[in-house]
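J.: A predicted structure for the sequence below; I have some questions about it.
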Amino acid sequence: PIQLRFNDVDKFGHVNNTVYFSFYDLGKTEYFASVCPGVDWEKTGIVVVHIEADFVKQIFASDHIAVQTAVSEVGTKSFHLLQRVIDTKTNEIKCICKSIMVTFDLERHESMPLTEEWIEAICKYEGSLYDPFAPALEGVAEELYHCGFEGVNLTYTSDIKEALTGASYIVSSGGAARKAGMTREDLLKGNAEIAAQFGKDVRQYCPNVKHIVVIFNPADITGLITLLYSGLKPSQVSTLAALDSTRLQNELVKYFHIPASEIQNCRTYGGHGEQMAVFASTTKVKGEPLTDFIGTTRLPLTEWEELKVRVIQGGKHIIDLRGRSSFQSPAYLSIEMIAAAMGGQPFRWPAGTYVSNGKFDHIMMAMETSITKNGVTYKEVAGTPAEQAELEKSYEHLCKLRDEVIEMGIIPAIKDWHSLNPNID
């Protein structure tokens with residue numbers, strides 16, 4: 001419960017909106033005093049890097065209120081708090097606050113990784129944040145039954161051994177989903193651990209699997225980890241990268257007000273994240289190179305740069321609109337990838353694949369790929385010098401994420417990869 005003070009109320013007779021944030025500070029203090037009592041606050045701090053609030057109902061001086069606080073997501077250096085002010089008598093929600101907190105080294109004055117003790121304490125208090133939600137499987141199955149697919153034998157299970165034993169083709173979306181205010185990279189530690197266990201399970205229960213598509217974020221890293229621990233060949237594991245290229249096509253459709261069929265070969269390469277490389281040189285609009293449009297009245301340079309940002313932020317936009325990450329589009333595209341791996345129609349978009357060619361080494365990234373019944377192969381990406389520079393920056397970003405996972409101890413040093421998976425040089 002919170003004691004309202006006389007000066008919390010403004011001249012309009014209700015609690016001023018700026019005061020709510022002091023309520024949330026009290027909630028944070030109480031939460032961490034309870035969950036992490038052994039923290040040395042002289043050396044370690046927590047700083048707010050993002051905060052947003054929805055003011056739902058007014059609070060008056062006579063109200064009895066309390067703050068509820070929970071950690072909703074845990075990253076490597078950050079965590080997400082969900083808080084709300086409620087009326088303790090009616091349980092009416094007065095305000096909802098979402099914030100991103102970063103652990104901070106007060107001696108070095110820089111961000112620092114969350115310690116294992118913190119993560120363990122938070123998970124113990126909140127419950128595991130990354131467990132699959134088994135009860136929802138039945139609802140998904142029911143919805144698929146309702147589609148009336150012909151000749152489909154659909155089963156469901158929450159037992160990993162039952163799910164994987166004898167599997168020939170797998171689409172894995174088993175990680176935590178991105179939520180509002182998060183980047184794909186915020187999911188790194190938890191989903192990297194899930195990918196490691198998934199790879200081990202594949203090795204144990206279905207070593208003869210033909211192809212796996214990994215679609216949980218950050219997909220370039222989770223796909224790489226899956227490949228390492230599964231013992232499979234690089235050609236047998238791909239990741240979903242096509243969404244970025246389809247988002248580029250969609251933005252061009254909206255900009256030029258023409259059908260998607262009149263925009264060909266939209267391509268993004270590198271990482272499926274904030275550092276993706278958006279290519280213009282591959283794309284044609286009504287048969288004409290997109291590069292002939294850029295910098296003219298048909299597509300001024302500033303508007304092209306703004307369009308690129310919308311492509312990069314396409315996933316975030318879905319979350320802002322729906323309150324959850326993309327579902328239909330990755331589901332459809334991943335099944336197209338599997339269909340191609342089964343010998344069906346060629347997959348039309350780039351996919352994430354393992355690359356180690358001297359220029360880009362020991363990484364999973366989006367390239368110009370072909371997926372057939374023999375697996376995924378790639379060829380060198382051609383682009384302008386500026387596009388190549390963007391691709392190299394994207395690669396460097398992925399290497400940092402990869403190296404961070406190595407430092408966490410989730411995967412071994414690169415020199416030991418061959419011992420873990422003999423198919424990796």
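T.: Happy to help now that I have it.
J.: so who does Glu92 touch?
T.: Lys57, Ile86 (C-beta atoms under 8 Å, 6 or more residues apart in numbering). Placement of C-beta: from N, CA and C, glycine included.
J.: try the one 3 residues further on
T.: With contacts taken as C-beta under 8 Å, 6+ apart, Cys95 has the following neighbours: Tyr20, Ala53, Asp54, Phe55, Val56, Lys57, Ile59, Arg84, Val85.
J.: mind redoing it with 7 Å?
T.: For Cys95, the contacting residues are Tyr20, Ala53, Asp54, Phe55, Val56, Arg84, Val85, by C-beta atoms under 7 Å, 6 or more residues apart in numbering.
J.: just confirm Ala366 is within a strand.
T.: Yes. Counting by DSSP: H, G, I helix; E, B strand; the rest coil, Ala366 is located in a strand.
J.: now do the longest helix seen in the chain: which elements does it pack against?
T.: In the chain, taking DSSP state H as the definition, the longest helix is helix 385-408. Judged by 3 or more C-beta pairs under 7 Å, 6 or more residues apart in numbering; DSSP states H and E, helix 385-408 is in contact with helix 188-205, helix 219-230, strand 277-279, strand 363-372.
J.: select, out of these, the one closest to Asn7.
T.: For Asn7, the closest of these is helix 188-205, at 42.2 Å, according to C-beta to C-beta.
J.: check which residues of stretch 276-292 are buried.
T.: Met276, Ala277, Val278, Phe279, Ala280, Thr282, Thr283, Val285, Leu290, Thr291 (16 or more other C-beta atoms under 10 Å).
J.: tell me the bridge partners for the second one.
T.: What that stands for is Ala277. Tyr269 (DSSP bridges).
J.: pull up the gap between it and Ser62, please.
T.: Going from Ala277 to Ser62 by C-beta to C-beta, to the nearest Å gives 58 Å.
J.: and what of the first one?
T.: Met276 sits 53 Å away from Ser62, taking C-beta to C-beta as the criterion.
J.: flag the shaky bits of the stretch 201-350 of the chain, pLDDT-wise.
T.: Along the stretch 201-350 of the chain, no part satisfies pLDDT under 70.
J.: can you do 90?
T.: Where the stretch 201-350 of the chain drops to pLDDT under 90, the residues are 216-218, 272-275, 315-328, 330-331.
J.: now the stretch 51-200 of the chain
T.: Using pLDDT under 90, the stretch 51-200 of the chain drops low at 56, 68-84, 86-93, 96, 104-105, 107-110, 113-167, 173-191, 193-194.
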